[in-house]
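S.K.: what shape does this take:
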Amino acid sequence: MKYAGFLTLMFMSAATLVLLIGPQPAFGQGQRSSANAQVEDRRANMKQSVDNERLRKGQELDTKHQLDKEERQKRVNEAFRNIQIAHNDIIAFLRGPQATDQAMARTLAVKAREAATALRDNLTLPAGKENEKDHEDLSMTVNEQLLKICDLIKSFAANVNLSPTDKKAAIEARRDLDGIIARSLLIAPPAPPA
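M.R.: Predicted coordinates:
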């Protein structure tokens, strides 16, 4: 029994010592675990940096896309306004005394073509199959061609308003723009490159 009290005292001392100091890792284990922790921290930091960079690039692309979309909308609005002005100018020309002025007719055709080209380039209208209507009456007089351009502008305005919900109208709107461009090229062919 003499030793039982001594063993109890030793056990109690060891337990107290462990509680006060805490368990100690074996030699070298502390360094390995702190090295592993540093490696894990570096990996986490690198992953966080990559994620942050990806988010930053995504935000830049979203901003750029928004600016491109706004710029495109401005171009469409300006081109639509210009094609309406071209329509009104053509009607005024055809009704006025200067209806035989070929230089003015060419200027108006170029104006309509530029607006139609800008609209075709900036609107996402599907191209349809060519049909016989696309090439009919291309042998008209200049004033008749101008009148047909006005009809195509009116048709385009009606079709483009329906195009978000009606694919056939979108195809017709594209066909109207192509017709405006083709007829204006007959009236005022582009100048040959210098």
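S.K.: now do the helix or strand hosting I85, average pLDDT.
M.R.: Here I85 sits within helix 29-95, counting by DSSP states H and E. Regarding helix 29-95, the rounded mean pLDDT is 80.
S.K.: let the chain start at 17 from now.
M.R.: Taking 17 as the first residue, the last one we looked at is helix 45-111.
S.K.: give the other helices and strands that it contacts.
M.R.: For helix 45-111, the packing partners by 3 or more CB pairs under 8 Å, 6 or more residues apart in numbering; DSSP states H and E come out as helix 118-138, helix 158-178. For every residue, glycine as well, the C-beta is placed using N, CA and C.
S.K.: only the buried residues of the last one, if you could.
M.R.: Put plainly, it is helix 158-178. 158-159, 161-166, 168-169, 171-172, 175-176 (16 or more other CB atoms under 10 Å).
S.K.: what angle sits between it and helix 118-138?
M.R.: If you take axes from the mean of the first three to the mean of the last three CA atoms, to 10 degrees, helix 158-178 sits at 20 degrees to helix 118-138.
S.K.: would you turn the buried residues of helix 158-178 into JSON lines with pLDDT and distance to E188?
M.R.: Shown next, in JSON lines, are those (pLDDT from 0 to 100; distance: CB to CB, whole Å):
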{"residue": "V158", "pLDDT": "87", "distance to E188": "25"}
{"residue": "N159", "pLDDT": "88", "distance to E188": "25"}
{"residue": "Q161", "pLDDT": "92", "distance to E188": "20"}
{"residue": "L162", "pLDDT": "92", "distance to E188": "21"}
{"residue": "L163", "pLDDT": "93", "distance to E188": "19"}
{"residue": "K164", "pLDDT": "94", "distance to E188": "15"}
{"residue": "I165", "pLDDT": "94", "distance to E188": "16"}
{"residue": "C166", "pLDDT": "94", "distance to E188": "16"}
{"residue": "L168", "pLDDT": "95", "distance to E188": "10"}
{"residue": "I169", "pLDDT": "95", "distance to E188": "13"}
{"residue": "S171", "pLDDT": "94", "distance to E188": "7"}
{"residue": "F172", "pLDDT": "93", "distance to E188": "8"}
{"residue": "N175", "pLDDT": "91", "distance to E188": "4"}
{"residue": "V176", "pLDDT": "88", "distance to E188": "9"}
